[in-house]
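>>> The sequence and its predicted three-dimensional model are supplied below.
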Amino acid sequence: MSRWKNARVAVLMGGRSAEREVSLVSGSACASALEEAGFSPIRLDAADRLVEQLIELRPDVCFNALHGRLGEDGRVQGALDLLGIPYTHSGVLASALAMDKPQAKRVFQAVGLRCPQGVETSYRELTERGAPLDGPIVVKPSCEGSSVGVLIAPDGNLAPLARRNDVDPDQRLLVETYVEGRELTCAVLDDEALAVTEIVPREGFYDYRAKYTAGYADHVVPADIPPETARTVMEWTLRAHRALGCRGTSRCDFRWDSRLPGAEGLYLLEINTQPGMTPMSLVPEQAAQRGISFVDLVQRLLETAQCDG
């Protein structure tokens, strides 16, 4: 029997990040799964007055279905710790490190995980001085998820970025060498790597639209790759999860240049401590491939809830 069987469960969703709409879908799906499992979850939109709402509702535990800034970067986790409310997924430190891509990259490299060459800069510096790396590059916000604001420049041409008028000139950016190859991802659940998925966009790259719109990308799980490469992906995923101190579930994204032997062409891009839980999401797909239903997955995550306060 679940230790939360008779608890007041609040599902945190929505919020104010660029991933608000996806979070609403994730949260609704998780709340419905909890209802199917016999709980009576409270759906709580975290867009405004979150702390006041939590004090008023006094939930026993929170299922965190927030994505992006303010929900996945350690700030909500810190508030829940201060309030003494257990919550799912990673705590303050792991969440903050994972959301800050340059900092996470430093940790990964310190434990021997290969990442693309990268330089931290700002929008202002990039548009005034040009690309700090030669060849094909990827420009991404240092602290966003779901490929929000990502630009791939195969020839180093930053003109599309310079034309944008919705960017803070001092916004921190990470510029990385673009790795040719295939898109792989792997999730961890309860300190075990689940499976390796290959993501095949039908056009362009695996951007926000391809992640959350049916028909724009295909997911191949398990990925049709050599067994030794799959084992390395799963090993690196678990090492990254542990290096940051993640808990519950996380998901690592990779690029793999299959022209190189073995794992020589494998690069860890980033880790996501609040993976999507929508009908199209990768973690539920990998769990299903391992025989874990969506309802069971949500219940297992709820069981990992804890408070670090």
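Looks like it arrived, so ask away.
>>> From now on I want contacts and neighbour counts done on CA atoms only, so please keep to that.
OK.
>>> the helices in the stretch 101-250 of the chain, which residues?
Secondary structure of the stretch 101-250 of the chain (DSSP state H, counting those that start in this stretch): helices located at 101-110, 123-129, 159-162, 208-212, 227-244.
>>> Identify all contacting residues around the first one.
Helix 101-110 is contacted by residues 97-98, 114-115, 120, 142-143, 174, 240, 243-244, 270 when judged by Cα atoms under 8 Å, 6 or more residues apart in numbering.
>>> Whichever strand or helix holds Leu82: which residues count as buried?
Assigned by DSSP states H and E, Leu82 belongs to helix 75-83. Residues 75-81 are the ones in helix 75-83 that count as buried (16 or more other Cα atoms under 10 Å).
>>> TSV for those residues, including distance to Leu24?
Output for the buried residues of helix 75-83, formatted as TSV (distance: Cα to Cα, whole Å):
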residue	distance to Leu24
Arg75	19
Val76	16
Gln77	18
Gly78	21
Ala79	20
Leu80	20
Asp81	23
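>>> any weak-confidence spans in the stretch 201-309 of the chain?
Low-confidence segments of the stretch 201-309 of the chain, defined by pLDDT under 70, are located at 203-216, 309.
>>> Where do the strands of it begin and end?
217-220, 249-256, 266-272 (DSSP state E, counting those that start in this stretch).
>>> contacting residues for Arg16?
Arg16 touches 46-47, 69-70, counting by Cα under 8 Å, 6+ apart.
>>> Closest one of these to Val138?
Arg69 (20.7 Å; Cα to Cα).
>>> so what's that closest one scoring on pLDDT?
Residue-level confidence at Arg69 comes out at 85, pLDDT.
>>> give the contact list for it.
Applying Cα under 8 Å, 6+ apart, the residues contacting Arg69 are 16-18, 99, 143-144.
>>> can you tell me which of these lies nearest to Ser90?
Proximity of those to Ser90 (Cα to Cα) peaks at Met99, which lies at 11.4 Å.
>>> my read: the closest one touches Glu72, true?
Yes - counting by Cα atoms under 8 Å, Met99 does reach Glu72; the two are 7.0 Å apart.
>>> For these two, work out which one has more neighbours and name it.
Glu72 (29 against 24; other Cα atoms under 10 Å).
>>> for the more buried one, helix, strand, or coil?
coil (DSSP: H, G, I helix; E, B strand; the rest coil).
>>> Let me see the confidence value for the residue nearest to it when sequence neighbours are not counted.
Excluding its sequence neighbours, the residue lying closest to Glu72 (Cα to Cα, 6 or more residues apart in numbering) is Ser95, at 5.9 Å. Looking at Ser95, its pLDDT is 97.
>>> Roughly how far does Ser95 sit from Pro169?
25 Å (Cα to Cα, to the nearest Å).
>>> Kindly report the same for Thr185.
Taking Cα to Cα, one finds Thr185 at 32 Å from Pro169.
>>> more neighbours, these two?
Thr185 (27 against 13).
>>> Was I right to think the more buried one contacts Ala193?
No - using Cα under 8 Å, Thr185 is not in contact with Ala193, being 10.7 Å away.
>>> Now the phi/psi pair for Cys62, please.
With angles defined as degrees, to the nearest 10, Cys62 sits at phi -120, psi 130.
>>> OK, contacts around it?
9-12, 85-88, 305.
>>> Residues in a beta bridge with it, which ones?
Note on Cys62: beta-bridge partners by DSSP bridges are Ala10, Tyr87.
>>> Averaged pLDDT, stretch 43-52. What do you get?
94.
>>> Could you list the buried residues of that stretch?
43-46, 50.
>>> my guess is the residue nearest to Glu72 contacts Pro275, does it?
No - using Cα under 8 Å as the test, Ser95 is too far from Pro275 to be in contact (11.8 Å).
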